[in-house]
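[1] sequence and predicted model, in that order:
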Amino acid sequence: MSKEINNPQNTSEEVDLGQLFKLIGNMFDRFFKFIGNLFYKLFLAFVWCVFFVKKHVVLLLIAGILGFAYGFFKEKKSAPGFKSSVLIRQNYSTGENLYNTINYYNGLLSQKDYVTLAQELSIDTSYVNSIINFEVEALISENQRLIEFNKYTKRLDSTLVSTIDYKDYLENVKEYIYEMQQLTVNSKTNENFDKVFNAIVKSLNSNTFFKREQEKDIRQLENRKLAIERALSESDSLQKVYKRVLEKSLETQKGSQTSITIEGGDDKNNTKEFDLYKSDIELRRELVTIEREKENKEFIVEILSNTPNRGFIDSSIKFLGKSFSPRVFFAILFSFLLFSFLLFLRFIKFLEKYKNKV
């Protein structure tokens, strides 16, 4: 009896599962058909573009040649622009201030406010009235980026590190955090670059906030140096005491041989003078490190490369972060504009089929 009662229920469950699987199968079937149709339409669009370009290839080539010729004559007839760059190192976290300062200078140039710019840089107006613009960018290799990413992850909690990957880091990190930056000046004249570069670096080094930070760092290093020198002086006095004690103990041991074995692997054989001597070596090494740190803190921002007085001719055109020669840029631009115009005419012709239905 129980089997006869359960049979209709099992049959109903099998029917429901069958319908569910059929529904899922239909969904996947429609999805794959949609993907196939999408790729098919994209392929047709690609083929249409190929034949469209083939049909108008002569016109596009003529437009490219005209653009190339225009760029050539523009490059020859236009006044040459000059560019010069220096490599600077940030010994403090001045990156954001550096980029904001350069943007401010470029804003003054766009307004042709050479008087204010000269006052900001504390140089003569004649040195800045020919400047076109300033540029600054991080000078860092991919390997150095990976090193900085490794340093960044080490400062994070282990649970948080697993949620951050290298691509996310690159998208969110600011270029100004890197120590090495390249500063570039574009000018109408090929002179006085060194005066402008030195004036910019001098302006950055005179920042009140970072000067206070510099003074605090140097004062801290001086205090560490004094403490170590005091410790070395006391260590020297102790070594003299131990030496006198050792000499007296040797004098009392008449007729017997006394040997002192110094082995780095056996603490029992180390004399107290030797322990102090090893400690002194470490302290003197730290003194050397402190002196190097003081030298690094001498400037807030410093120029690492030679400061050039003259630059080089640069007539390139920047577009989307890339540099192009005028000939190549205008050849591509003219061809693209003609292609867009022909495409627009074709679109208008296509719409004319439906004008009677409107």
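    Good, I have the coordinates. Residues are numbered from 1 along each chain as shown.
[2] list the contacts for Phe299?
    Neighbouring residues of Phe299 by CB atoms under 8 Å, 6 or more residues apart in numbering: 91, 205. From N, CA and C alone the C-beta is placed, and that goes for glycine too.
[3] which element, helix or strand, includes it?
    Using DSSP states H and E, Phe299 maps to neither a helix nor a strand.
[4] tell me how far it lies from Lys202.
    10 Å (CB to CB, to the nearest Å).
[5] how about Asp113?
    Taking CB to CB, one finds Asp113 at 20 Å from Lys202.
[6] same check, this time on Val53
    Val53 is 56 Å from Lys202, by CB to CB.
[7] please apply the same query to Leu139.
    For Leu139, the distance to Lys202 - CB to CB - is 21 Å.
[8] among those two, which residue is more densely surrounded?
    Leu139 (18 against 13; other CB atoms under 10 Å).
[9] that one contacts Leu87, correct?
    Yes - look at Leu139 against Leu87 with CB atoms under 8 Å: they come within range, at 6.3 Å.
[10] common neighbours of the two, please.
    Common neighbours of Leu139 and Leu87 (CB under 8 Å, 6+ apart) are 180-182.
[11] and those residues, which are buried?
    By neighbour count, with 16 or more other CB atoms under 10 Å, those hold Gln181 as buried.
[12] out of the shared contacts of Leu139 and Leu87, which sit inside strands?
    Counting by DSSP state E, those place 180-182 in strands.
[13] ok, those residues vs Phe350, which is closest?
    Checking these against Phe350 by CB to CB gives Gln182 as the nearest, at 50.0 Å.
[14] which residue, other than its chain neighbours, is closest to that closest one?
    Spatial nearest neighbour of Gln182, chain neighbours left out: Leu139 (4.6 Å); criterion: CB to CB, 6 or more residues apart in numbering.
[15] where along the chain do the helices fall?
    Under the criterion DSSP state H, the chain contains helices at 2-55, 57-77, 95-110, 114-121, 142-154, 158-161, 166-172, 193-205, 208-252, 272-296, 326-351.
[16] outline the domain layout of the protein.
    Domains of the chain are assigned by automatic domain parsing as 2-75+329-357, 80-211+303-324, 215-251+261-299.
[17] for stretch 78-95, output the C-alpha coordinates as CSV.
    Backbone C-alpha positions of stretch 78-95 (Å, rounded to 0.1, in the frame of the first residue of the first chain) are rendered in CSV as follows:
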residue,chain,number,x,y,z
SER,A,78,56.8,77.6,-37.3
ALA,A,79,59.2,79.0,-34.7
PRO,A,80,61.1,76.1,-33.2
GLY,A,81,60.4,75.0,-29.6
PHE,A,82,63.1,74.0,-27.2
LYS,A,83,63.1,71.5,-24.4
SER,A,84,65.4,70.7,-21.5
SER,A,85,65.1,68.3,-18.6
VAL,A,86,66.7,67.6,-15.2
LEU,A,87,66.4,64.7,-12.8
ILE,A,88,65.5,65.6,-9.3
ARG,A,89,65.3,63.6,-6.1
GLN,A,90,62.8,64.1,-3.3
ASN,A,91,64.4,63.5,0.1
TYR,A,92,61.1,64.3,1.7
SER,A,93,57.5,63.5,0.8
THR,A,94,57.2,66.7,-1.3
GLY,A,95,55.6,65.0,-4.4
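[18] buried sites along it?
    Result for stretch 78-95 [16+ other CB under 10 Å]: buried residues 81-86, 88, 90-92, 94-95.
[19] ditto for stretch 32-48
    So for stretch 32-48, nothing qualifies as buried (16+ other CB under 10 Å).
[20] closest one to Gly311 among the helices of the chain?
    Ranking the helices of the chain by proximity to Gly311 (CB to CB) places helix 193-205 first, at 5.5 Å.
[21] tell me what angle the closest one forms with helix 114-121.
    60 degrees (axes from the mean of the first three to the mean of the last three CA atoms, to 10 degrees).
[22] mind listing what's buried along helix 193-205?
    Buried residues in helix 193-205 (16+ other CB under 10 Å): 193-197, 199-201, 203-205.
[23] Arg155 versus the most centrally placed residue in the chain, what's the distance?
    Central residue of the chain (CA atoms, centre = their mean): Glu175, 3.9 Å from the mean position. The gap separating Glu175 from Arg155 is 20 Å, by CB to CB.
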